[in-house]
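Peer 1: Sequence isn't available, so here's the structure alone:
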Ligand SMILES: [Fe+2]
(Lines give C-alpha, C1' and ligand atoms only; values in the text may rest on other atoms or scores of the structure.)
Protein backbone atom coordinates (compact mmCIF):
# COMPACT_ATOMS: atom_id res chain seq x y z
CA UNK A 1 0.00 0.00 0.00
CA UNK A 2 2.70 2.45 1.11
CA UNK A 3 4.98 1.36 -1.72
CA UNK A 4 2.13 1.91 -4.18
CA UNK A 5 1.52 5.45 -2.89
CA UNK A 6 5.26 6.17 -3.12
CA UNK A 7 5.41 4.91 -6.69
CA UNK A 8 2.35 6.99 -7.59
CA UNK A 9 3.91 10.12 -6.06
CA UNK A 10 7.17 9.48 -7.93
CA UNK A 11 5.29 8.99 -11.21
CA UNK A 12 3.39 12.26 -10.64
CA UNK A 13 6.54 14.17 -9.70
CA UNK A 14 8.54 12.78 -12.59
CA UNK A 15 6.01 12.71 -15.42
CA UNK A 16 3.63 15.57 -14.56
CA UNK A 17 4.76 18.10 -11.94
CA UNK A 18 8.35 18.34 -13.24
CA UNK A 19 6.88 19.83 -16.43
CA UNK A 20 4.23 22.07 -14.82
CA UNK A 21 6.08 25.30 -15.56
CA UNK A 22 4.63 28.06 -13.41
CA UNK A 23 4.94 31.83 -13.43
CA UNK A 24 4.99 33.35 -9.96
CA UNK A 25 4.31 37.07 -9.54
CA UNK A 26 5.72 39.01 -6.59
CA UNK A 27 5.61 42.70 -5.66
CA UNK A 28 8.67 44.15 -3.92
CA UNK A 29 8.19 47.65 -2.41
CA UNK A 30 11.84 48.65 -2.63
CA UNK A 31 12.08 51.71 -4.91
CA UNK A 32 12.26 55.34 -3.83
CA UNK A 33 8.90 57.08 -3.30
CA UNK A 34 7.31 58.16 -6.55
CA UNK A 35 9.37 55.80 -8.71
CA UNK A 36 7.99 54.13 -11.79
CA UNK A 37 7.74 50.32 -11.32
CA UNK A 38 10.41 48.02 -12.76
CA UNK A 39 9.51 44.49 -13.84
CA UNK A 40 12.26 41.91 -13.33
CA UNK A 41 12.11 38.40 -14.80
CA UNK A 42 14.05 36.06 -12.51
CA UNK A 43 15.21 32.88 -14.29
CA UNK A 44 17.20 30.19 -12.53
CA UNK A 45 18.33 26.57 -12.64
CA UNK A 46 17.26 25.79 -16.20
CA UNK A 47 19.38 22.58 -16.12
CA UNK A 48 18.75 22.42 -19.86
CA UNK A 49 19.06 19.17 -21.77
CA UNK A 50 18.75 19.13 -25.59
CA UNK A 51 15.48 17.19 -25.65
CA UNK A 52 13.62 19.54 -23.27
CA UNK A 53 11.74 21.44 -25.99
CA UNK A 54 8.68 22.05 -23.79
CA UNK A 55 10.82 23.97 -21.28
CA UNK A 56 12.51 25.93 -24.04
CA UNK A 57 9.17 26.95 -25.59
CA UNK A 58 7.70 27.91 -22.20
CA UNK A 59 10.68 30.16 -21.43
CA UNK A 60 10.38 31.74 -24.89
CA UNK A 61 6.72 32.52 -24.18
CA UNK A 62 7.74 34.68 -21.20
CA UNK A 63 9.11 37.32 -23.57
CA UNK A 64 5.48 38.36 -24.17
CA UNK A 65 5.51 39.72 -20.60
CA UNK A 66 7.98 42.38 -21.78
CA UNK A 67 10.10 42.56 -18.60
CA UNK A 68 12.37 45.56 -18.10
CA UNK A 69 15.26 43.43 -16.84
CA UNK A 70 16.28 39.77 -16.67
CA UNK A 71 18.28 38.26 -13.80
CA UNK A 72 19.68 34.77 -14.42
CA UNK A 73 20.98 33.09 -11.25
CA UNK A 74 22.82 30.18 -12.85
CA UNK A 75 22.74 26.38 -13.28
CA UNK A 76 21.74 26.79 -16.92
CA UNK A 77 23.02 23.45 -18.17
CA UNK A 78 21.83 19.94 -17.44
CA UNK A 79 23.72 18.20 -20.24
CA UNK A 80 26.96 18.68 -22.14
CA UNK A 81 24.90 19.54 -25.26
CA UNK A 82 22.46 21.85 -23.45
CA UNK A 83 23.78 25.21 -24.66
CA UNK A 84 21.84 25.26 -27.95
CA UNK A 85 18.63 24.74 -25.98
CA UNK A 86 19.52 27.63 -23.66
CA UNK A 87 20.29 29.81 -26.68
CA UNK A 88 16.95 28.92 -28.29
CA UNK A 89 15.04 29.53 -25.05
CA UNK A 90 16.59 32.97 -24.45
CA UNK A 91 16.69 34.33 -28.01
CA UNK A 92 13.32 36.22 -27.70
CA UNK A 93 14.80 38.28 -24.84
CA UNK A 94 17.40 39.90 -27.08
CA UNK A 95 17.34 43.64 -26.49
CA UNK A 96 16.17 43.39 -22.87
CA UNK A 97 18.94 44.21 -20.36
CA UNK A 98 20.11 41.31 -18.22
CA UNK A 99 22.67 40.19 -15.66
CA UNK A 100 23.93 36.69 -14.85
CA UNK A 101 26.04 34.68 -12.42
CA UNK A 102 27.30 31.10 -12.63
CA UNK A 103 26.04 28.05 -10.82
CA UNK A 104 28.05 24.86 -10.49
CA UNK A 105 26.04 23.42 -13.40
CA UNK A 106 27.53 26.03 -15.71
CA UNK A 107 30.97 24.46 -15.17
CA UNK A 108 30.37 20.74 -14.85
CA UNK A 109 27.44 18.58 -15.83
CA UNK A 110 25.32 16.27 -13.71
CA UNK A 111 26.53 12.91 -12.49
CA UNK A 112 24.51 9.82 -11.68
CA UNK A 113 24.43 9.45 -7.90
CA UNK A 114 22.22 8.21 -5.13
CA UNK A 115 19.37 10.81 -4.97
CA UNK A 116 18.99 10.18 -1.23
CA UNK A 117 22.35 11.95 -0.74
CA UNK A 118 20.50 15.18 -1.56
CA UNK A 119 18.76 14.88 1.82
CA UNK A 120 22.01 14.29 3.71
CA UNK A 121 23.58 17.73 3.31
CA UNK A 122 24.79 20.13 0.57
CA UNK A 123 25.70 18.29 -2.62
CA UNK A 124 29.21 17.86 -4.04
CA UNK A 125 30.48 17.40 -7.59
CA UNK A 126 33.39 15.00 -7.30
CA UNK A 127 34.56 14.52 -10.88
CA UNK A 128 34.54 17.97 -12.44
CA UNK A 129 37.03 17.32 -15.27
CA UNK A 130 35.07 14.36 -16.63
CA UNK A 131 31.85 16.38 -16.90
CA UNK A 132 33.29 19.76 -17.96
CA UNK A 133 30.86 22.13 -19.70
CA UNK A 134 31.69 24.89 -22.18
CA UNK A 135 31.27 27.84 -19.79
CA UNK A 136 32.94 30.30 -22.20
CA UNK A 137 30.43 29.45 -24.94
CA UNK A 138 27.55 29.88 -22.49
CA UNK A 139 28.90 33.30 -21.51
CA UNK A 140 29.20 34.18 -25.21
CA UNK A 141 25.47 33.43 -25.58
CA UNK A 142 24.66 35.77 -22.69
CA UNK A 143 27.03 38.46 -23.98
CA UNK A 144 25.42 38.27 -27.41
CA UNK A 145 22.08 39.05 -25.73
CA UNK A 146 23.69 42.12 -24.20
CA UNK A 147 23.71 40.71 -20.66
CA UNK A 148 26.32 41.63 -18.05
CA UNK A 149 28.57 39.12 -16.27
CA UNK A 150 28.26 39.69 -12.50
CA UNK A 151 30.60 36.90 -11.37
CA UNK A 152 32.61 38.60 -8.61
CA UNK A 153 31.85 41.93 -10.27
CA UNK A 154 29.67 45.04 -10.14
CA UNK A 155 27.79 46.96 -12.80
CA UNK A 156 25.22 49.74 -13.16
CA UNK A 157 22.26 50.54 -15.36
CA UNK A 158 19.55 53.20 -15.46
CA UNK A 159 15.99 51.87 -15.87
CA UNK A 160 12.71 53.81 -15.65
CA UNK A 161 14.53 56.74 -13.97
CA UNK A 162 16.04 54.54 -11.24
CA UNK A 163 19.80 54.03 -11.07
CA UNK A 164 20.39 50.31 -10.54
CA UNK A 165 23.66 49.14 -9.05
CA UNK A 166 24.40 45.42 -9.31
CA UNK A 167 26.91 43.33 -7.45
CA UNK A 168 27.34 39.57 -7.80
CA UNK A 169 29.49 36.59 -6.93
CA UNK A 170 30.48 33.40 -8.70
CA UNK A 171 28.92 30.25 -7.23
CA UNK A 172 29.48 29.98 -3.45
CA UNK A 173 28.37 26.32 -3.52
CA UNK A 174 31.70 25.40 -5.10
CA UNK A 175 33.75 28.09 -3.35
CA UNK A 176 34.06 30.45 -6.33
CA UNK A 177 32.66 33.52 -4.51
CA UNK A 178 35.24 36.23 -3.92
CA UNK A 179 33.52 38.36 -1.30
CA UNK A 180 36.77 40.24 -0.66
CA UNK A 181 36.36 41.78 -4.14
CA UNK A 182 32.87 43.19 -3.52
CA UNK A 183 33.95 46.41 -1.79
CA UNK A 184 36.52 47.21 -4.47
CA UNK A 185 34.06 46.43 -7.27
CA UNK A 186 31.50 48.87 -5.82
CA UNK A 187 34.19 51.50 -5.21
CA UNK A 188 35.39 51.21 -8.82
CA UNK A 189 31.83 51.44 -10.10
CA UNK A 190 31.22 54.66 -8.21
CA UNK A 191 34.61 56.11 -9.07
CA UNK A 192 33.68 55.73 -12.75
CA UNK A 193 30.27 57.33 -12.21
CA UNK A 194 30.31 61.12 -12.47
CA UNK A 195 26.89 61.39 -10.79
CA UNK A 196 27.76 59.25 -7.77
CA UNK A 197 27.30 61.04 -4.46
CA UNK A 198 29.27 58.29 -2.68
CA UNK A 199 26.40 57.68 -0.29
CA UNK A 200 25.29 54.18 0.63
CA UNK A 201 22.46 53.16 -1.68
CA UNK A 202 19.64 54.25 0.55
CA UNK A 203 16.99 56.02 -1.53
CA UNK A 204 16.59 58.62 1.21
CA UNK A 205 20.31 59.43 0.98
CA UNK A 206 20.82 59.22 -2.74
CA UNK A 207 19.35 62.57 -3.60
CA UNK A 208 16.02 63.49 -5.12
CA UNK A 209 17.44 63.60 -8.61
CA UNK A 210 18.68 60.07 -8.76
CA UNK A 211 16.90 57.30 -6.84
CA UNK A 212 19.24 54.33 -6.51
CA UNK A 213 18.63 50.64 -5.90
CA UNK A 214 21.36 48.09 -5.17
CA UNK A 215 20.60 44.54 -6.32
CA UNK A 216 22.91 41.68 -5.33
CA UNK A 217 22.97 38.37 -7.19
CA UNK A 218 24.27 34.91 -6.29
CA UNK A 219 23.51 31.37 -7.37
CA UNK A 220 23.62 29.67 -3.96
CA UNK A 221 22.25 31.75 -1.05
CA UNK A 222 24.78 30.83 1.63
CA UNK A 223 24.50 32.94 4.78
CA UNK A 224 28.04 34.31 4.53
CA UNK A 225 27.20 35.71 1.09
CA UNK A 226 23.83 37.15 2.07
CA UNK A 227 25.38 38.81 5.15
CA UNK A 228 28.13 40.36 3.05
CA UNK A 229 25.65 41.63 0.47
CA UNK A 230 23.47 43.24 3.16
CA UNK A 231 26.51 44.82 4.83
CA UNK A 232 27.48 46.26 1.44
CA UNK A 233 24.08 47.94 1.19
CA UNK A 234 22.07 45.50 -0.95
CA UNK A 235 18.34 46.22 -0.85
CA UNK A 236 17.29 43.24 -2.95
CA UNK A 237 19.13 39.92 -3.26
CA UNK A 238 18.27 37.33 -5.90
CA UNK A 239 19.36 33.69 -5.74
CA UNK A 240 18.52 30.21 -7.01
CA UNK A 241 20.17 26.84 -6.33
CA UNK A 242 17.71 25.45 -3.75
CA UNK A 243 15.14 24.17 -6.30
CA UNK A 244 12.70 25.18 -3.55
CA UNK A 245 13.55 21.89 -1.87
CA UNK A 246 12.56 20.06 -5.12
CA UNK A 247 10.78 17.23 -3.27
CA UNK A 248 8.56 18.82 -0.62
CA UNK A 249 5.98 17.57 1.84
CA UNK A 250 2.51 19.17 1.49
CA UNK A 251 1.78 21.16 4.65
CA UNK A 252 5.41 20.97 5.80
CA UNK A 253 7.42 22.32 2.88
CA UNK A 254 11.00 21.71 1.89
CA UNK A 255 13.02 19.01 3.63
CA UNK A 256 16.37 20.54 2.65
CA UNK A 257 17.78 23.76 1.16
CA UNK A 258 21.05 22.32 -0.25
CA UNK A 259 22.82 25.19 1.57
CA UNK A 260 22.66 26.78 5.03
CA UNK A 261 19.62 29.09 4.95
CA UNK A 262 16.50 28.25 6.99
CA UNK A 263 13.99 25.95 5.30
CA UNK A 264 11.27 28.62 5.45
CA UNK A 265 13.36 30.80 3.10
CA UNK A 266 13.98 28.03 0.57
CA UNK A 267 11.94 29.88 -2.08
CA UNK A 268 9.97 33.05 -2.58
CA UNK A 269 10.30 36.52 -1.07
CA UNK A 270 11.56 37.04 2.47
CA UNK A 271 13.82 39.38 4.44
CA UNK A 272 17.49 38.83 5.23
CA UNK A 273 18.92 40.77 8.18
CA UNK A 274 22.58 41.33 8.99
CA UNK A 275 23.36 43.54 11.97
CA UNK A 276 21.22 46.66 11.71
CA UNK A 277 20.69 46.33 7.98
CA UNK A 278 18.04 44.42 6.07
CA UNK A 279 17.37 43.41 2.47
CA UNK A 280 14.64 41.68 0.54
CA UNK A 281 15.69 38.17 -0.51
CA UNK A 282 14.09 36.40 -3.44
CA UNK A 283 14.99 32.74 -3.99
CA UNK A 284 13.76 31.07 -7.17
CA UNK A 285 12.76 27.40 -7.06
CA UNK A 286 14.09 27.26 -10.62
CA UNK A 287 12.93 25.55 -13.78
CA UNK A 288 14.80 22.26 -13.85
CA UNK A 289 16.33 19.35 -12.05
CA UNK A 290 19.33 17.11 -12.59
CA UNK A 291 18.56 14.64 -15.38
CA UNK A 292 19.52 11.97 -12.83
CA UNK A 293 16.90 13.17 -10.31
CA UNK A 294 14.00 14.09 -12.66
CA UNK A 295 11.30 14.58 -10.06
CA UNK A 296 9.57 17.48 -8.31
CA UNK A 297 6.87 17.12 -5.73
CA UNK A 298 4.77 19.90 -4.14
CA UNK A 299 7.27 22.30 -5.72
CA UNK A 300 6.60 22.95 -9.43
CA UNK A 301 9.26 24.45 -11.69
CA UNK A 302 8.97 28.23 -11.80
CA UNK A 303 10.06 31.57 -13.13
CA UNK A 304 9.16 34.79 -11.35
CA UNK A 305 8.15 38.29 -12.34
CA UNK A 306 9.19 40.65 -9.55
CA UNK A 307 7.46 44.00 -9.83
CA UNK A 308 9.61 46.52 -7.99
CA UNK A 309 7.47 49.36 -6.72
CA UNK A 310 7.87 52.49 -4.61
CA UNK A 311 8.28 51.71 -0.91
FE1 LIG B 1 20.26 23.84 -9.75
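Peer 2: Looks like it arrived, so ask away. Keep in mind the model is a prediction, meaning the values are calculated, not measured.
Peer 1: Bridged to residue 108, which residues?
Peer 2: Taking DSSP bridges as the rule, residue 108 bridges to residue 132.
Peer 1: thinking it is in contact with residue 132, fair?
Peer 2: Yes - Residue 108 is within contact range of residue 132, at 5.8 Å (criterion: CB atoms under 8 Å). For the C-beta atoms, the positions are set from N, CA and C on the backbone; glycine is no exception.
Peer 1: Give me the more crowded residue out of the two.
Peer 2: Higher neighbour count among residue 108 and residue 132: residue 108, with 20 against 12, using other CB atoms under 10 Å.
Peer 1: Distance of the more buried one relative to the ion?
Peer 2: Distance, residue 108 to the ion, using CB to the ion, to the nearest Å: 12 Å.
Peer 1: May I have the predicted confidence score for that residue?
Peer 2: What the model reports as pLDDT for residue 108 is 94.
Peer 1: again, but for the one 5 residues further on
Peer 2: Residue-level confidence at residue 113 comes out at 72, pLDDT.
Peer 1: if I pick it, what's in contact with it?
Peer 2: residue 292 (CB atoms under 8 Å, 6 or more residues apart in numbering).
Peer 1: Before we go further, it is sitting in a strand, right?
Peer 2: No - counting by DSSP: H, G, I helix; E, B strand; the rest coil, residue 113 falls outside a strand, being coil.
Peer 1: From the ion, how far off is it?
Peer 2: Going from residue 113 to the ion by CB to the ion gives 14 Å.
Peer 1: What of residue 164?
Peer 2: 25 Å.
Peer 1: Give me the helices and strands touching whatever helix or strand that residue lives in, please.
Peer 2: Residue 164 is located in strand 162-168, with elements delineated by DSSP states H and E. For strand 162-168, the elements it packs on are strand 153-159, helix 182-191, strand 212-217, judged by 3 or more CB pairs under 8 Å, 6 or more residues apart in numbering; DSSP states H and E.
Peer 1: Direction included, what does the first one pair up with?
Peer 2: The one in question is strand 153-159. Strands that pair with strand 153-159, judged by DSSP bridges, come out as strand 162-168 (antiparallel).
Peer 1: Please state the offset of the partner strand from the chain centre?
Peer 2: Mean-position distance between strand 162-168 and its chain equals 15 Å (CA atoms, centre = their mean, to the nearest Å).
Peer 1: residues making contact with that strand?
Peer 2: 31-32, 35-36, 38, 69, 99, 101, 148, 150-158, 182, 185-186, 189, 195, 201, 206, 210-218, 229, 232, 234.
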